[in-house]
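*Asks:* next one to model:
(chains A and B)
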Amino acid sequence: KAGVTQTPRYLIKTRGQQVTLSCSPISGHRSVSWYQQTPGQGLQFLFEYFSETQRNKGNFPGRFSGRQFSNSRSEMNVSTLELGDSALYLCASSLDPAGEVGEQYFGPGTRLTVT
Amino acid sequence: AQSVSQHNHHVILSEAASLELGCNYSYGGTVNLFWYVQYPGQHLQLLLKYFSGDPLVKGIKGFEAEFIKSKFSFNLRKPSVQWSDTAEYFCAVGAGSYQLTFGKGTKLSVIP
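*Replies:* Coordinates of the predicted model:
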């Protein structure tokens, strides 16, 4: 079974630009979560989607948004990029045990550098 | 909101030494607990997990962890580390709300 895939793997953007990152979950997984990983803050939860609905959102500004499509693929968007948005963005997918956080499978991440 | 603390930022051990990495969480309700590992250049992988039952759980590659509810702890152990265990280790807690809360990670360097 193929794992979680993320595209692109590396991205360099300029301050003020916007960026869209893509995630394809493991086949059959309907829950997709996004995390931001930085050396100082570690992994921080961005948002979680299930059946095209955002069920939870972390403590990030409104510049960070996402969506999920009917085939469970997900995208996240960051508008008006700031230098501090430079990070590894991780996507994770899981089956959805009712109401509980089950085991998540992580993709390789997209390394975003903002200059 | 729950939080997770990992006490050691960087641990350096010689091969064959025993390992224990601390993890404490703050949440009063039912939790699911995880340890993930990130090897250099690789993505996060699940080492082991605790949902319920026996508080001593065994994972891959000889790792185990013990859930002590009274101490809100879920420490990771391995009796004898190898050079290939060099990686960053993350403790994570799920407490509903459809998210995992991660600790900041512990880097383990194993010297041959």
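
*Asks:* contacts and neighbour counts: CA atoms only from here.
*Replies:* Will do.

*Asks:* ok, which stretches of chain A are strands?
*Replies:* In chain A, the segments counted as strands under DSSP state E are A:5-7, A:10-13, A:19-24, A:31-38, A:42-50, A:53-57, A:64-68, A:74-78, A:87-94, A:105-106, A:110-114.

*Asks:* typo on my end, it should be chain B
*Replies:* In chain B, the strands defined using DSSP E lie at B:3-5, B:10-14, B:19-21, B:24-26, B:32-38, B:45-50, B:56-58, B:64-68, B:73-78, B:87-94, B:100-102, B:106-111.

*Asks:* residues in chain A within reach of chain B, list them.
*Replies:* Contact residues (C-alpha under 8 Å from any C-alpha of the partner chain) of chain A with chain B: A:33, A:41-45, A:47-48, A:55-56, A:99-101, A:103, A:105-109.

*Asks:* which among these count as buried?
*Replies:* Neighbour-count burial (16 or more other C-alpha atoms under 10 Å in any protein chain shown) applied to the residues of chain A next to chain B gives A:33, A:42-45, A:47-48, A:100-101, A:103, A:105-109.

*Asks:* which parts of chain B sit against chain A?
*Replies:* By the rule C-alpha under 8 Å from any C-alpha, the part of chain B lying against chain A is B:32, B:42-46, B:49, B:94-105.

*Asks:* what residues are bridge-paired with the nearest residue to B:K71 once chain neighbours are set aside?
*Replies:* Distances taken as C-alpha to C-alpha, 6 or more residues apart in numbering or on different chains place B:N24 nearest to B:K71, at 7.7 Å, with adjacent residues excluded. Under DSSP bridges, the beta-bridge partners of B:N24 are B:S5, B:S73.

*Asks:* B:N24 and chain A: what is the separation?
*Replies:* 16 Å (C-alpha to the nearest C-alpha, to the nearest Å).

*Asks:* just give me the neighbour total for that residue.
*Replies:* When neighbours are counted by other C-alpha atoms under 10 Å in any protein chain shown, B:N24 registers 21.

*Asks:* that older thread, which of the buried ones among the residues of chain A next to chain B scores worst on pLDDT?
*Replies:* Note: of these, the lowest pLDDT belongs to A:V101, at 59.

*Asks:* dump the strands of chain A into JSON lines; add distance to B:L13 as well.
*Replies:* What follows is those, written out as JSON lines (distance: least, C-alpha to C-alpha, whole Å):
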{"stretch": "strand A:5-7", "distance to B:L13": "34"}
{"stretch": "strand A:10-13", "distance to B:L13": "33"}
{"stretch": "strand A:19-24", "distance to B:L13": "37"}
{"stretch": "strand A:31-38", "distance to B:L13": "25"}
{"stretch": "strand A:42-50", "distance to B:L13": "23"}
{"stretch": "strand A:53-57", "distance to B:L13": "38"}
{"stretch": "strand A:64-68", "distance to B:L13": "40"}
{"stretch": "strand A:74-78", "distance to B:L13": "39"}
{"stretch": "strand A:87-94", "distance to B:L13": "28"}
{"stretch": "strand A:105-106", "distance to B:L13": "28"}
{"stretch": "strand A:110-114", "distance to B:L13": "30"}
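
*Asks:* understood, closing this out.
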